[in-house]
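1. Here is my input; please provide its structure:
(2 chains)
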Amino acid sequence: MLAVEHLKKSFGDMTVLEDIGLTVEKGDVAVILGPSGAGKTTLLRCLNFLEHAEEGTLVFQGQSFDLRTVRSDAIRAYRMRTAFVFQGFHLFLNKTALDNVTEGLIVARGMEQKPAREKAMEMLEKVGMADHASFFPGKLSGGQQQRVAIARALATDPQIIFFDEPTSALDPELTGEVLAVMKKLAEEGRTMLIVTHEMQFAKTVSNRVFFMEDGRIVESGKTGEIFTHPREERTRAFLQIGTDERGE
Amino acid sequence: MLALFLESFPKILVPGLLVTIPLTAISFALAMVIAIFVAMIRFARIPVLSQLMQIYIWIFRGTPLLVQLFVVFYGLPHAGLLIDPFPAAVLVFSLNEGAYCAETVRAAIEAVPQGQLEAGYCVGMTYLQTMRRIILPQAMRTAFPPLSNSLIAMVKDTSLAANITVTEMLMVTQRIVARTYEPLLLYVEVGLIYLIFSTVFTFLQRAGEKKLNTYMEREA
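-> Model (predicted):
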């Protein structure tokens, strides 16, 4: 459903993404793993046009975008069908939890107040935040904010949800509550592309892995294979470190 | 002395309520529209327009308010453009204040975290929708105290309009002084009325800040 070919991105004269190719099928829970500075977040941001890639094509549900020439109305139409969950949550600070979720429905999609609120409550229910609907973000913990952000992402029925290190700003306890919600979404068959450092989560929940280093995808494949028989030495080393850190 | 004070008080206060306050309110409202418009153009770095706005700010911040009043009221008629005193004052005050406030608003917009705009895009909102619904409400909260400052400064600056024959408080006071020759009493009196006006605005500012703080709690 989402395929990228030959994506290239640089900041100034430093190339940060080189010849990226990646495919996500409907229902996939795909993770992008790799050391810090590998370009994982930049890649994810390019896929939702938060960064401008200077080369490459993106095919989404049969529609092709040339990343060099894509127009802003096409970008907006694309974003209407995708959702993005940020490392820093980025809830709208002047809106309550409920209004954070309804905003995309009412303002961007012209939905009526009442059905939008019902939909939003349903989503907050799903992430266990219905009892905090009237809270402003400043009154919520990081984990709670991130769960509201996930509800906001779900509300618009996206075909794919991008997660950019959704738990990296959270302590272990809060990380657990967010990962539990994401696991639930995976079980519902939602298509997700996740940048994460949570190896246990990647291993048990995802079905596809992209391993990145130095702006390239070094290795990709089914989760089971990558975690048991990685072909590349670099992947093996990284996953070893990854599991050692968790004391396994 | 007291008799003169009491007799002149309503005579000065009435033009204050009928001229000074409306002149301030209308000019400041227009200044806000200009400020937000200019700030958004500068924030979005729209080519050409952005540079034009920079020139506008440069001119109106860089020249005396009194000179601007003179150019519009006494100067423009020589170019065939005759403007009545009150509208001329509104024009100059709103353009002058707009230039200052545009920078205040721009700084406040830039202080809103970049992620707010990105989050707006990602739920499908356009730039303008995100600006109106998310960025500006947050920015205006930050900008509120400095903008209140500007408003209070403006109440007092309207006294300059006396120089272009607007019959506001100071001009009325000058007339009474000319008749009674009691400058100390009368100028202190008009100062007192300005002080009352400023105090009222200060209280309004506090009430406004409180209201803004309850609808959006500070981030932890």
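
2. can you pull out the helices in the chain?
-> In the absence of a named chain, this looks at chain A. For chain A, the helices defined by DSSP state H cover A:40-47, A:72-79, A:97-103, A:113-126, A:142-155, A:172-187, A:199-205, A:223-228, A:233-245.

3. That was the other one, I meant chain B.
-> Using DSSP H, helices in chain B cover B:2-15, B:21-43, B:49-62, B:65-70, B:85-111, B:114-122, B:127-130, B:136-157, B:169-180, B:183-215.

4. Tell me the spacing between residue A:212 and chain B.
-> 22 Å (CB to the nearest CB, to the nearest Å). In this view, the C-beta of every residue, glycine as well, is placed from N, C-alpha and C.

5. what's the answer for residue A:94, then?
-> Distance of residue A:94 to chain B, computed by CB to the nearest CB: 5 Å.

6. just checking, that residue touches residue B:137?
-> Yes - Residue A:94 is in contact with residue B:137 according to CB atoms under 8 Å; the separation is 4.7 Å.

7. Would you mind telling me which of the two has more residues around it?
-> Legend: neighbour count by other CB atoms under 10 Å in any protein chain shown for residue A:94 and residue B:137, higher for residue A:94 (23 against 18).

8. Show me the shaky parts of chain B.
-> By pLDDT under 70, the weakly predicted segments of chain B are B:214-220.

9. Could I get the contacting residues of the most centrally placed residue in it?
-> Per CA atoms, centre = their mean, the C-alpha nearest to the average position across chain B is that of residue B:28, at 3.6 Å. Counting by CB atoms under 8 Å, 6 or more residues apart in numbering or on different chains, residue B:28 touches B:93, B:94, B:97, B:150, B:151, B:154.

10. which ones are touching residue A:177?
-> A:128, A:143, A:147.

11. no, scratch that, I was asking about residue B:93
-> B:23, B:24, B:27, B:28, B:31, B:65, B:154, B:157, B:158, B:161.

12. Distance check, the third one against residue B:173.
-> Computed with CB to CB, to the nearest Å, the distance linking residue B:27 and residue B:173 is 21 Å.

13. Next: the first one.
-> Note on residue B:23: its distance to residue B:173, by CB to CB, is 16 Å.

14. the more surrounded of these two?
-> Between residue B:23 and residue B:173, residue B:173 has the larger neighbour count (other CB under 10 Å), namely 24 against 21.

15. Hmm, residue B:190 and the more buried one touching each other?
-> Yes - Residue B:173 lies in contact with residue B:190 (CB under 8 Å); the separation is 4.3 Å.

16. shared neighbours of the two, anything?
-> Counting by CB under 8 Å, 6+ apart, the shared contacts of residue B:173 and residue B:190 are residue B:12.

17. Around chain B, which positions in chain A sit nearby?
-> Chain A has residues A:48, A:50, A:76, A:79-80, A:82-84, A:86, A:88, A:90-95, A:103-104, A:107-109, A:136-139, A:152-153, A:156 near chain B, with proximity defined as CB under 8 Å from any CB of the partner chain.

18. neighbours around residue B:14, how many?
-> A count of nearby residues for residue B:14, using other CB under 10 Å, gives 12.

19. quick revisit: tabulate the helices of chain B in CSV, adding columns for distance to residue A:61.
-> Below are the helices of chain B laid out as CSV (distance: least, CB to CB, whole Å):
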stretch, distance to residue A:61
helix B:2-15, 68
helix B:21-43, 34
helix B:49-62, 37
helix B:65-70, 58
helix B:85-111, 35
helix B:114-122, 18
helix B:127-130, 24
helix B:136-157, 34
helix B:169-180, 68
helix B:183-215, 40
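
20. Which one of those lies nearest to residue A:168?
-> Residue A:168 lies closest to helix B:114-122 among the helices of chain B, at 14.2 Å (CB to CB).

21. what's the closest one packed up against?
-> Helices and strands touching helix B:114-122, by 3 or more CB pairs under 8 Å, 6 or more residues apart in numbering or on different chains; DSSP states H and E, are helix A:72-79, strand A:82-85, helix B:127-130.

22. can you pull the contacts of the residue of chain B found nearest chain A?
-> Closest contact between chain B and chain A, by CB to the nearest CB, is at residue B:123 (3.1 Å). Contact partners of residue B:123, counting by CB under 8 Å, 6+ apart, are A:79, A:83, A:103, A:104, A:108, A:152, A:156.

23. so what's the first one closest to, chain neighbours aside?
-> Nearest-residue entry for residue A:79: residue B:124, 5.4 Å, with adjacent residues in sequence omitted and distances by CB to CB, 6 or more residues apart in numbering or on different chains.

24. Go ahead and confirm the one you found touches residue A:83.
-> No - Residue B:124 is not in contact with residue A:83 according to CB under 8 Å; the separation is 9.0 Å.

25. Show me the residue of chain A that gets nearest to chain B, please.
-> Nearest residue of chain A to chain B: residue A:104, at 3.1 Å (CB to the nearest CB).

26. neighbours around that residue, how many?
-> Neighbourhood size, residue A:104 [other CB under 10 Å]: 26.

27. I'd assumed residue A:157 was in contact with it.
-> No - shown here, residue A:104 and residue A:157 do not form a contact pair, counting by CB under 8 Å, at 10.4 Å.

28. Low-confidence regions, chain A specifically.
-> By pLDDT under 70, the weakly predicted segments of chain A are A:241-248.

29. got a list of what the residue positioned nearest the centre of it touches?
-> Nearest to the geometric centre of chain A sits residue A:163, at 1.7 Å (CA atoms, centre = their mean). Residue A:163 sits next to A:85, A:182, A:192, A:193, A:194, A:195, A:196 when contact means CB under 8 Å, 6+ apart.

30. In JSON lines: those residues, plus neighbour count.
-> Output for the contacts of residue A:163, formatted as JSON lines (neighbours: other CB atoms under 10 Å in any protein chain shown):
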{"residue": "A:85", "neighbour count": "24"}
{"residue": "A:182", "neighbour count": "26"}
{"residue": "A:192", "neighbour count": "23"}
{"residue": "A:193", "neighbour count": "25"}
{"residue": "A:194", "neighbour count": "26"}
{"residue": "A:195", "neighbour count": "24"}
{"residue": "A:196", "neighbour count": "21"}
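
31. Tell me which of those fall in strands.
-> A:85, A:192, A:193, A:194, A:195 (DSSP state E).

32. Now do the nearest residue to the fourth one once chain neighbours are set aside against residue A:89, distance only.
-> This points to residue A:194. Sequence neighbours aside, residue A:163 is the residue nearest to residue A:194 in space, at 4.2 Å (criterion: CB to CB, 6+ apart). The gap separating residue A:163 from residue A:89 is 12 Å, by CB to CB.

33. again, but for residue B:75
-> Plainly put, residue B:75 is 55 Å away from residue A:89 if you go by CB to CB.

34. Ok, residue B:98 next?
-> In terms of CB to CB, residue B:98 sits 36 Å off from residue A:89.
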